[in-house]
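> Need a 3D model of the sequence below.
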Amino acid sequence: MQHVFISQKEIGKRFFPHPKFDLKTELHKLVEKKELEIEERILENGHHAHFYKALTAGNVDLTLLEPRGKKLNKIHMQMISFLQFVSFPKDTSSSIYFEAFLFYKEAIPKLFFTVDEFSNRIHTPITSLRKECRKKLLLKEENTISLDVATMQPLLLGKILEKGIGNNEFSNWMNNGKDIYLLLQKKAKLGSRDEAKKKFFQILYAPANKQLTSIFGLSNWINWINEFKQKPFTSNPHTTEKKHSNLAWLLQSEEVKLMFKVWYNLIQNNIPFLSVHDEIIIRKSDYQQAKIIFQAVLKSNFVYFKLNSSINHKVRIKKNIN
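Numbers count the residues shown, from 1 in each chain. Here you go, the predicted model:
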């Protein structure tokens, strides 16, 4: 086990908050008892810092950990409360992390909920759980069904491009229900749709390059993407050091905004749910109502979309364009 840095201010606040306690005295007592080892180091900036190493085994108190990420709002707090309803059928195995979540979810649910600093995406033990395990999740002791949007980020990209440059080939593909991953698979002669999907995002989120042009030919939508990834975009917190992350930020942020509408309406209708980016997991008994809510939000944003569910029931919508 290595020494770790903890600020003395944090130690005092957490372990010795009473004014009668003197921090240095209390730490010295632990050293004398051979329960703690303190190592003083000089940092690169010339400042002195203390690093600590526990010499005896003790209980781990997870309540001492501070959740990371952005400040939570009312919707987030409601979503945290839904995490407390999660369980697995008996004899279902998962990861050590997920087992820890199941053990502590009622005592310290905030510990397992993070809104990332980049694009406000939500991360929980559910988002990192393997897909085959997610299918076995119980919510309020009831079997669950998932609903997710096929090609969500390409749909958002099509909408953004249409607003930015008007008529273009990519937006037309999206509005007419074309599967961009299948198009890429065919044009790039790739082995599978999954391989094409992976390739699509590798190109899309990489620095500006000629790969899209080499596959789809010269196009105004490709020019827009490459230009957008080369100029400052102040809304993106990483734009200074990684301008090419502009597009990833934009698509993920727009995805979160759209899903917020779904989450809000589910909460308004008293439907508990779990979130995995563009996917929601609901109880089977809530499936029909949740599907109607999800569809309504998507209809107001896209000309065409496909809503998938874990029971292999697909809802396809194509608006009439006058």
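
> check contacts around G12.
L23 (CB atoms under 8 Å, 6 or more residues apart in numbering). Quick note: C-beta positions are derived from backbone N, CA and C, even for glycine.

> Please identify which helix or strand holds it.
For G12, the enclosing helix or strand under DSSP states H and E is helix 8-15.

> Buried residues of whatever helix or strand comes next after that helix, list them for me.
Using DSSP H and E, the helix or strand that directly follows helix 8-15 along the chain is helix 23-32. Neighbour counts using 16 or more other CB atoms under 10 Å place 27, 30 of helix 23-32 among the buried residues.

> Could you pull up the mean pLDDT of helix 23-32?
Computed over helix 23-32, the mean pLDDT rounds to 89.

> need the next SSE after it, C-terminal direction.
Elements were assigned by DSSP H and E; along the chain past helix 23-32, the next helix or strand is strand 36-42.

> Next, the buried residues of that next one.
By 16+ other CB under 10 Å, the buried positions in strand 36-42 come out as L36.

> what residues does that strand touch?
Outside strand 36-42, the residues touching it (CB under 8 Å, 6+ apart) are 3, 27, 30-31, 48-55.

> 6 Å - rerun?
Taking contacts as CB atoms under 6 Å, 6 or more residues apart in numbering, the residues outside strand 36-42 that touch it are 3, 30, 48-53, 55.

> in its sheet, what does it sit against?
Sheet pairing for strand 36-42, assigned by DSSP bridges, gives strand 48-54 (antiparallel).

> Longest helix in this protein, by number of residues?
Within the chain, and with DSSP state H defining each element, the longest helix by residue count is helix 246-268.

> what's the spacing between that one and its chain's center?
Helix 246-268 sits 11 Å away from the centroid of its parent chain (CA atoms, centre = their mean, to the nearest Å).

> which strands and helices sit next to the helix or strand just after it?
Helices and strands here follow DSSP H and E; after helix 246-268, the next one along the chain is strand 273-276. Counting contacts by 3 or more CB pairs under 6 Å, 6 or more residues apart in numbering; DSSP states H and E, strand 273-276 is packed against strand 279-283.

> Show me what the strand it packs on packs onto, helices and strands only.
Contact here means 3+ CB pairs under 6 Å, 6+ apart; on that basis strand 279-283 packs against strand 142-149, strand 273-276.

> show me the contacts for V262.
If you count contacts by CB under 6 Å, 6+ apart, V262 has them with 294, 297.

> Apply 7 Å and report the result again.
By CB atoms under 7 Å, 6 or more residues apart in numbering, the contact set of V262 is 280, 293-294, 297.

> returning to what we had before: any of the contacts of strand 36-42 buried? List them.
Applying 16+ other CB under 10 Å to the contacts of strand 36-42, the neighbour count classes 30, 52 as buried.

> Please render the contacts of strand 36-42 as TSV that adds distance to T124 to the earlier fields.
Rendered in TSV, the data for these read as follows (distance: CB to CB, whole Å):
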residue	distance to T124
H3	31
L30	36
H48	39
A49	33
H50	34
F51	32
Y52	30
K53	32
L55	35
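
> L212: which of the helices and strands packed on strand 279-283 is closest?
In this view, these are compared for proximity to L212 by CB to CB, and strand 142-149 is the closest at 22.6 Å.

> Return the distance of the closest one from the chain's centre.
Between the mean C-alpha location of strand 142-149 and the chain-wide mean there is a distance of 17 Å, by CA atoms, centre = their mean.

> elements contacting the helix or strand following that strand?
Past strand 142-149, heading to the C-terminal end, the next element that is a helix or strand (DSSP H and E) is helix 152-165. With contacts defined as 3 or more CB pairs under 7 Å, 6 or more residues apart in numbering; DSSP states H and E, helix 152-165 has these neighbours: helix 169-175, helix 220-228, helix 246-268.

> Of all the ones you listed, which one comes closest to S119?
Nearest to S119 among the helices and strands packed on helix 152-165 is helix 246-268; the distance by CB to CB comes to 3.7 Å.

> Buried by neighbour count: which residues of the closest one qualify?
Of the residues in helix 246-268, those buried (16+ other CB under 10 Å) are 246-256, 258-263, 265-267.

> and that helix with helix 152-165, angle?
Going by axes from the mean of the first three to the mean of the last three CA atoms, to 10 degrees, helix 246-268 is angled at 110 degrees with respect to helix 152-165.
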